[in-house]
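In: Pasting the sequence and the predicted model now:
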Amino acid sequence: MKGAIASVEIFVGREGEQTRRLSLTITQPERAEGGEGWCCRVALANLHRPCTVSGQDSVEVLAAALARSRDWLSGLIAEGFVLTRDRAGRVPFEPF
């Protein structure tokens, strides 16, 4: 995603199933149109399209992007998926 300042590849799968690669990306905060507040985009590629999060300042926007990411990843875990840093599933991904 253009303007990315943070990105990580995550492998997702259930025991006994093939893993799937997802890319979590957050873009650089920027002033919102009209100059009121800030915004950035966050995406979990191959699962959630990029969405815009907004806030009063750049730190609030980054916190909101991380919260959205946590919600998406927690949802996967609640559905029984295991998150790892490698396709073989040997290195757990523990984001928060």
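Out: Yep, that arrived.
In: Distance of the residue of the chain positioned farthest from its centre relative to residue 20?
Out: Among the C-alpha atoms of the chain, the one farthest from their average position, using CA atoms, centre = their mean, is that of residue 34, at 26.7 Å. Taken as CB to CB, to the nearest Å, the spacing of residue 34 relative to residue 20 amounts to 39 Å. All C-beta spots, glycine's among them, are computed from the backbone N, C-alpha and C.
In: What of residue 56?
Out: Residue 56 sits 36 Å away from residue 20, going by CB to CB.
In: and whatever helix or strand residue 73 lives in, what other elements does it pack with?
Out: Taking DSSP states H and E as the definition, residue 73 sits inside helix 58-78. Secondary-structure packing of helix 58-78 (3 or more CB pairs under 8 Å, 6 or more residues apart in numbering; DSSP states H and E): strand 20-27, strand 38-45, strand 48-55, strand 82-84.
In: re earlier: assign the residue farthest from the centre of the chain to helix, strand or coil.
Out: In terms of secondary structure, residue 34 is helix; the call rests on DSSP: H, G, I helix; E, B strand; the rest coil.
In: so what's it up against?
Out: Taking CB atoms under 8 Å, 6 or more residues apart in numbering as the definition of contact, residue 34 has no neighbours.
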